[in-house]
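>>> after the sequence you'll find the predicted model.
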Amino acid sequence: MTTSQGTRRPIKTRDHRFAQRITVWLSKRQISPNQISLASIGFAAFAALMLVFWRHAEGGADWLLPIMAIAGIQGRLLCNLFDGMVAMEGGKSTPSGELYNDMPDRLADTLLLVAAGYAAASWQPAGIWMGWLAAMLAVATAYVRVLGASMGAPMRFLGPMAKQHRMALLTAACLVSVLESFWWPKGVAMFVVTLVFVVGCTWTIARRTRAIHCYLVDQSHVISSDPERATEQGADHV
């Protein structure tokens, strides 16, 4: 994995001593950042299966499966944390790192959000449609960020529904699902969270697009007022 500081998602957990110790431990093993990135798909798939199975679960499995899904979600997030730390702080960056850094995230998001839609047992088939829509919009938030960067704009990790926000909400929905049978029909929390994903991701796409647009417009004004810089910019794109 290779990542520059300017393209890294700001995560406060990186500064924690415990995270740094784990990074050192992983860096000393025959574990590459790309392998850690791929492992995040496994954790996401596990959590997704738990959510799908939970839809028809009864008895003890009715509360156990959401807890297991939370473990998978958090495992996915830890992989997302440590792949970058091992690459940068551990000195194991690779030329293909950006590919492995981004593509597993898109697959993991799709697995989890679609599964959340299937888990909305009391709201079918609307829940399934909402899960797929949430997944597509989550991918679109990343697409806008990467598209902006390809056009020369800084990476935009704006919310309100960036990756860490989506996973936090899904974790909360799993916790509520453990006891929701005492309050309302099964799957209500999952349906609500997919609805929040759809609204929040749409907002996030709009915010990121606007930020990129404003940056590009500002840059065009700067270049038009500085012919020498315009010439240099043109030479850079030859």
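Happy to help now that I have it.

>>> who's in contact with the residue nearest to C201 when sequence neighbours are not counted?
Using Cβ to Cβ, 6 or more residues apart in numbering and skipping residues adjacent in sequence, the residue nearest C201 is L137, 3.6 Å away. The C-beta positions use only the backbone N, C-alpha and C, and glycine is treated the same way. L137 is in contact with F197, V198, C201, T202, I205, counting by Cβ atoms under 8 Å, 6 or more residues apart in numbering.

>>> do you know how far the third one is from L111?
For C201, the distance to L111 (Cβ to Cβ, to the nearest Å) stands at 16 Å.

>>> buried residues of the host helix or strand of the residue nearest to C201, list them for me.
According to DSSP states H and E, L137 maps onto helix 126-150. Within helix 126-150, the residues that count as buried by 16 or more other Cβ atoms under 10 Å are 127-128, 130-135, 137-142, 144-145, 148.

>>> okay, and for this protein, where does confidence drop off?
Scanning the chain for pLDDT under 70 picks out 1-16, 18-19, 89-91, 97, 223-238.

>>> centroid-nearest residue for it?
K163 (3.1 Å; Cα atoms, centre = their mean).

>>> looking at it, it is touching N80, isn't it?
Yes. The pair K163 / N80 is scored as a contact, 7.4 Å apart, by Cβ atoms under 8 Å.

>>> I31 in helix, strand or coil?
Here I31 is coil, with the state taken from DSSP: H, G, I helix; E, B strand; the rest coil.

>>> could you find the closest non-adjacent residue to it?
V86 (7.2 Å).

>>> how far off centre is the strand or helix carrying the one you found?
Assigned by DSSP H and E, V86 belongs to helix 61-88. From the chain centre to the centre of helix 61-88 is a distance of 12 Å (Cα atoms, centre = their mean, to the nearest Å).

>>> longest helix in this protein, please.
helix 188-224 (DSSP state H).

>>> enumerate the positions of that one that are buried.
188-198, 200-205, 207-209, 211-212, 215, 223.

>>> okay, angle between that helix and helix 61-88 too, please.
Following axes from the mean of the first three to the mean of the last three Cα atoms, to 10 degrees, one obtains 20 degrees for the angle between helix 188-224 and helix 61-88.

>>> ok so, going back, ok, the closest residue to the residue nearest to the centre of the chain other than its chain neighbours - contacts?
Excluding its sequence neighbours, the residue lying closest to K163 (Cβ to Cβ, 6+ apart) is D105, at 6.7 Å. Residues near D105 by Cβ under 8 Å, 6+ apart: S40, N80, A142, K163.
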